[in-house]
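# Test case, fold it:
(chains A, B and C)
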Amino acid sequence: MKRLGWLLLAVVLLVAAAWLMRGGESVDTGPKRTDVHLPRRATPDDVKRMHRRRTLLPRKPASPDAPPIVEVQDPVLRALPPRGPGDDAVVVELNAIRHSPAAEMFLRCMDEDAKQKLQELRDKFGVDPLQDLDRFVLGPNETVLVSGDFADFDTSALDGLKSQASYGDQGTLLEYADGQYAATWNDEMVIFADSLEEAQGALDRLEGRTPVTESALPESAAYGEAYGYVGPELLARMLPPRDGLEEQLLAAAQDIELHLDTRSDVGAVFDVRGDDPAAVEELGVMIGAALSVARIKARTDGDDELSQLLDMAKVIPDGDRFRLEMAVPLDYLRKQLGACAEPPAAP
Amino acid sequence: MDAALEAKGIEKIFKNRRALAGVDLVVPRGTCFGLIGVNGAGKTTFIKTMLGIVRPSAGSIRVLGGAPEDIDVRRRIGYLPERLALPPAWSATTYLTSIARLKRLPRPREEIDRLLVCVGLASARDVKTRAFSKGMKQRLGLAAALLGRPELLVLDEPTDGVDPLGRAEVRELLREEQARGTTVFLNSHLLSETERICDRIGILHAGAVLRDGPIEALAAQSTRWIVRFAEPIDVEGFTSNGDGNYHVEAEDPAALDEALARARGAGGLIVALRRDVPDLESILRGEVGG
Amino acid sequence: MTAWYVALDVLREAASRRWLLALFALIAALLITVGLSLEMRVVDGALAAVKLFGQEEREVTVQAVDVALRPLFRGVSFFIFFGGLFFGALVTADFAPSLLAPGRIEHLLSLPVRRASLLLGTYVGVLIIAAVAFLFAAGGFVLVLGVKTGAYVADLVYAGLLGALTFAALYGAMLTCAVFVRSAAASAFAGLLLFAAGIVASFRYEISPSFSSDFARQVFEWVTMFLPPVATVGQLAMDIAASTPVDSGALARTMGGMVLFGVAMVALGVWRFERMDF
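Residues are numbered from 1 along each chain as shown, chains lettered A, B, ... in the order given. This is a model prediction of the structure:
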């Protein structure tokens, strides 16, 4: 090749190199992995929400010298009965979840039957489940509590209602033919209970007739879009099957605190505590191993999406407790739901 | 057949320095040609021009009938540079194998073994070159130049650093190559060695060839004769050299015969007579002056 | 073919250099140290605990071992990529100058070898050495951890390959510099300068607004357009090592550009080499 040819070749190659390298500048050099927000602690928004919900007035101390009475001022938390060992107490922030990206996708994919059923509920009870409900609570002793705007709630539409009567300042007790009881309070809460005592107890706590210094669910644990305490059976149902896992869970886990975050992707944190640190550690390892095996199986089966999902599951030990973190990226949900999950095109 | 080397008007200018100032030279095939000259005459530059290592500024040069840049031409040339740098961690065998591969020689092992014996390095075949003496490096370089049985051997100071016995071996080697038909082109400061090896000489000075041709032809113009007598004499025309020999000038055989008759007439008994052929050093000094 | 023989000679030369062998021995020693000092408890593919240098077993996040090792691989790939480029520029700087050394180059040029083949062969030979070094370090690490955990994650090896390809760009410039200035120091300097300039080129859009003069900004953007984006590729290598998905099309473009850059530099060196007298 003539000498000048080498120079021309160098120039051409250099220009081609520049074109290629700059074309590759669109490479997203940031981490492609989904940055899932996991609810490990209360965020400033959670704290603001906490303060906003302190609508109940605290009682005054008996005398100026007596120490101040710390009470639960959030009516939903105050209404809950005390929690015994192993009792569930879970709050689901329905309104927050309703407006989360994940829920928006699910709603877009709701079929006509489901939409029809929602409309029937609205028409029958005067309550729009998608607009009027704030929180749903599964409490101890199988108490169910729903908070929201019940100004238009028609209690007479409830099936099997036997009788209803006022109770206390702003409460109403409802008796059903099957022996179940319910209570409403101040057009902002409905409580479903197994017994009259439970229903009355909730209203007594709300209206200060029964003092409450701590709730089944402390305010400090009230963060995320769902939070509370769950029993080991629930966690066992969520985990991949593994020999001895459920038994170890029942034996070692005394308290399982759950938090769910749906503000972007769906992230869940289970904080598992127990009396025996060795048993808790072993339980953590077993859960981690079960997740690992599930991931290996997913990869072997060619289920890349599930495998990537399980990438984000991990167990973080911490002495006599551990934290199980799991996440579901929105992209995964979007793929599972299909085209209906996409927002409609702008006109 | 083409000459081994044909150079016409070769000039080379390095920045502000004219290294070659129009070299005209023809070296017939099968000869052993020695290029001599003082330091800075341009010998090494000319050799490099022959091999395409240096590009001439002007003129043309043909080697073995082709251009020095031609790969096929270079395949038929063996070159020993003035200062050969050998990879210090390679053995002699490794180095020659590398050169043989670059020369694309098939099955070089046998030839390498033969050459190592020829140059006297058979016992050092696996020794790393960092342990070689100057003479050993020169021998190895010579072996590398001989790889592939080249048609033209270009040797720049081939016996530099080689001991006297080694030099004799090199001379013998080059004679064998020449007998095989190889053209040898060498440059050496050891004029006595050049005299003994070469049959043609070129004198390069200030970048130009002053004279070139067979050694005998360069020295043939001498009119001086050296005579040795059994006893010292004092005869007109005969001058003592101080070593027992006398010299006399005679332009032709008749004049020589007349001078010798005068010496015999004066009682001189001639025991030896030879033409005083100048050595290369004398020739060189005579050409370049000083 | 002749270029390949020249490359083989470079490899032979490298093998005979003690310090290069020492480098590989050092990498091997580091890997063995990691292998001997690190103990991991793996339960059904999940990393449960780690023990370092015989200390007490430390609890770690229990998750699939290859996921748990991703941060480690990311960190290791950083050292292999950037450290390998930096160190590689230093240790390979004198291959080309020694090829061009007086007494050697004249002899080589007298052989039936094209000048371009000498440079190309040297380039290929040094790149092979670099590739072996990068892959030895990356592959060795994967092997050590694979033996320890049962999880053989090849992603770090791909990251090592990116390092080798990036070095192709750097060494092209080093080789050409050696042709222009027959000096190992200058060649090393050229490599390190391009290494640093390549990092700047990766952030050209972030840096260019800091130029107050439009002209200076334009000049900066034009110059950096031709430079290999070393930091970008380094980040990609780290992402790949950590099994983070990357845009493979854009990656291929960038790496293709890097290789072309290196070859362009070599072509420039050949152009100069063809004109030189020795």
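
# Just the C-alphas of stretch A:309-321, formatted as CSV.
This file holds the C-alpha atoms of stretch A:309-321, laid out as CSV (Å, rounded to 0.1, in the frame of the first residue of the first chain):
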residue,chain,number,x,y,z
LEU,A,309,-37.4,-10.9,40.8
LEU,A,310,-35.8,-13.3,43.2
ASP,A,311,-32.5,-11.5,42.7
MET,A,312,-33.9,-8.8,44.9
ALA,A,313,-34.9,-11.0,47.7
LYS,A,314,-32.4,-11.2,50.5
VAL,A,315,-32.2,-11.8,54.2
ILE,A,316,-30.2,-9.4,56.3
PRO,A,317,-29.3,-10.8,59.7
ASP,A,318,-29.0,-8.6,62.8
GLY,A,319,-28.4,-10.4,66.0
ASP,A,320,-31.6,-11.9,67.4
ARG,A,321,-33.6,-10.7,64.3
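
# any residue of it up close to chain C?
Yes - Stretch A:309-321 lies within reach of chain C by C-beta under 8 Å from any C-beta of the partner chain, at A:L310, A:D311, A:A313, A:K314, A:V315, A:I316, A:P317, A:D318. Bear in mind the C-beta positions are built from the backbone N, C-alpha and C, glycine included.

# residues in contact with that stretch?
For stretch A:309-321, contacts defined as C-beta atoms under 8 Å, 6 or more residues apart in numbering or on different chains pick out A:34, A:36, A:271-277, A:280-281, A:284-285, A:287-288, A:291, A:294-295, A:298, A:322-329, A:332, C:59-64, C:67-68.

# Those residues in strands, which ones?
Per DSSP state E, strands hold the following members of the contacts of stretch A:309-321: A:271-273, A:322-328, C:59-64.

# least confident pick among these?
The member of the ones in strands among the contacts of stretch A:309-321 with the lowest pLDDT is C:E59, at 70.

# Who is the closest residue to it other than its chain neighbours paired with across the strands?
Excluding the flanking residues, the one nearest C:E59 by C-beta to C-beta, 6 or more residues apart in numbering or on different chains is A:P317, at 4.2 Å. On the basis of DSSP bridges, A:P317 is bridged to A:F322.

# burial count for A:P317?
For A:P317, the neighbour count with other C-beta atoms under 10 Å in any protein chain shown is 23.

# And it, how far from chain B?
Counting by C-beta to the nearest C-beta, to the nearest Å, the gap from A:P317 to chain B is 55 Å.

# For C:F53, see how far away that residue is.
Per C-beta to C-beta, to the nearest Å, A:P317 is found 21 Å from C:F53.

# need the contact list for the one residue in the stretch 1-150 of chain B that gets nearest to chain A.
Closest residue of the stretch 1-150 of chain B to chain A, C-beta to the nearest C-beta: B:R55 (10.6 Å). Counting by C-beta under 8 Å, 6+ apart, B:R55 touches B:T49, C:R275, C:D277.

# Let me know the pLDDT of it.
In this prediction, B:R55 carries a pLDDT score of 92.

# Double-check that it belongs to a strand.
No - B:R55 is assigned coil when assessed by DSSP: H, G, I helix; E, B strand; the rest coil, not a strand.

# count of residues packed around residue 38?
Using chain A. Counted with other C-beta under 10 Å, residues neighbouring A:L38 total 20.

# To clarify, I was referring to chain C.
Using other C-beta under 10 Å, the number of residues around C:L38 comes to 16.

# Bridge partners for it, pull those for me.
Here C:L38 sits in beta bridges with C:L52, going by DSSP bridges.

# That one touches C:F141, doesn't it?
No - C:L38 is beyond contact range of C:F141, at 11.0 Å (criterion: C-beta atoms under 8 Å).

# Poorly predicted segments of the stretch 51-200 of chain A, please.
A:59, A:61, A:68-70 (pLDDT under 70).

# Could you rerun that using 80?
Applying pLDDT under 80 to the stretch 51-200 of chain A flags residues A:57-71, A:85-86, A:111, A:154-159.

# Going by neighbour count, which of the contacts of stretch A:309-321 are buried?
Among the contacts of stretch A:309-321, those classed as buried by 16 or more other C-beta atoms under 10 Å in any protein chain shown are A:34, A:36, A:271-274, A:280-281, A:284-285, A:287-288, A:291, A:294-295, A:298, A:322-329, A:332, C:59-64, C:67-68.

# which non-adjacent residue is nearest B:K12?
The shortest distance from B:K12 to any residue other than its chain neighbours is 4.1 Å, reached at B:L20 (C-beta to C-beta, 6+ apart).

# Can you list the residue ranges for strands in chain C?
All strands of chain C, identified by DSSP E, fall at C:38-43, C:46-52, C:58-64.

# Get me the contact residues on the stretch 151-290 of chain B for chain C.
B:V154.

# What residue in the stretch 151-290 of chain B comes nearest to chain C?
For the stretch 151-290 of chain B, C-beta to the nearest C-beta, closest residue to chain C: B:V154, 7.5 Å.

# Any idea how many residues pack against that residue?
B:V154: 27 neighbours (other C-beta under 10 Å).

# now for the helix or strand where it lies, which elements pack on it?
Applying DSSP states H and E as the criterion places B:V154 in strand B:152-156. With contacts defined as 3 or more C-beta pairs under 8 Å, 6 or more residues apart in numbering or on different chains; DSSP states H and E, strand B:152-156 has these neighbours: helix B:43-51, strand B:77-80, helix B:134-146, helix B:164-179, strand B:183-187.
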